[in-house]
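Novice: predicted coordinates and the sequence they were generated for:
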Amino acid sequence: MLFSVELRNYETMFVLTPVLSEEQLQETIDKFRGFLQGKKADILHEDKIGLKKLAYPIQRKSTGVYHRFEFKAPPDVISALETEYRREEKIIRFLTFALEKHGVEYNEKKRSGVWDKKNEPKKKEAA
Amino acid sequence: MTLVNESVQRKNLGKKYCRFKKLGIKYVDYKNTDFLMRFLNEQGKILPRRLTGNSLKYQKKLATAVKRARQLALLPYVADNLK
C-alpha cells in the first residue's frame, strides 16, 4: 500500500470528571493537546465548553467538563489517541469521528461566526 | 378501510416538506441539542420519517447526530419528560 501521509479531518470530544481542580483539568487537556501535536496533527480549533449537566449519570456523576478538538491528522493517529483516552481515568466519556466535507464546511462557518447573529435559532446554511 | 380505524396523525397534516432541504442544512450538528430535540418524542426516541416528513438522507444524518449526542450524554437515551 503506497504510504501517503494523507491528512484527514477529525473531531474529538471528551468529558472529564467534574471533581478535578482547575490545574488538574488544565493539565489533562494540555496532555492531550501535546499528544496530538506530538503525532504531527495540526489542531484547527479547540473548544473549551467546560462544566455541563449530563443527560444521564455517568459513573454516578451528574455533571462533566466537556472539551472538543478539531484537527487534521493521518488516520493511524486515531487508534493511539483512543488508547490514550482509555488509559486516562479522569476521562469518563469520549467520542472521535471523521468529518466529511459538509462537516468541515460547517465547522469553518461556525468558527468564522457567520451565524453568530443573536436570533439564529436553526443551523442555516448561509449559501 | 373504514374511517373508524384511521390512524391519528400526530403532527398536523401540513408537515410534508423535508425541513433540511427547505433550510438547506447540509450537516446536522450533534452539539445543537435544542435543534435535535425537535425530532425526538417525549421519551427521547427519534421520531419516524412519516411524522417528521424528513427525506431519507437527512433522517440518517439526524439519527447519527442524535446517537453521537446520546453517547456524549448531551441527550438522554430514555427520558420521561423531555419536552
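Specialist: Cool, got the structure. Numbers count the residues shown, from 1 in each chain, chains lettered A, B, ... in the order given.
Novice: helix/strand/coil for A:Leu44?
Specialist: Three-state assignment for A:Leu44 (DSSP: H, G, I helix; E, B strand; the rest coil): strand.
Novice: mind listing what it touches?
Specialist: Under the criterion of C-beta atoms under 8 Å, 6 or more residues apart in numbering or on different chains, the neighbours of A:Leu44 are A:Asn9, A:Glu70, A:Phe71, A:Lys72, A:Asn107. No exception for glycine: its C-beta is placed from N, CA and C like everyone else's.
Novice: which residue is the nearest non-sequential neighbour of residue 74?
Specialist: If you meant another chain, say so; for now it's chain A. A:Val5 (5.1 Å; C-beta to C-beta, 6 or more residues apart in numbering or on different chains).
Novice: to clarify, I was referring to chain B.
Specialist: Of all residues not flanking B:Leu74 in the chain, B:Thr33 sits nearest, at 5.2 Å (C-beta to C-beta, 6+ apart).
Novice: residue contacts, the one you found?
Specialist: B:Ala69, B:Leu74, B:Leu75.
Novice: repeat that for A:Phe32.
Specialist: A:Phe14, A:Phe69, A:Leu81, A:Glu84.
Novice: so where does it fall, helix or strand?
Specialist: Counting by DSSP states H and E, the element that carries A:Phe32 is helix A:22-38.
Novice: mind listing the helices for chain B?
Specialist: B:19-23, B:33-37, B:49-52, B:56-71 (DSSP state H).
Novice: with distance to A:Lys31 and mean pLDDT added, can I get those helices in a markdown table?
Specialist: Converted to a markdown table, those look like this (distance: least, C-beta to C-beta, whole Å; pLDDT from 0 to 100):
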| stretch | distance to A:Lys31 | mean pLDDT |
| --- | --- | --- |
| helix B:19-23 | 38 | 83 |
| helix B:33-37 | 28 | 90 |
| helix B:49-52 | 42 | 89 |
| helix B:56-71 | 22 | 94 |
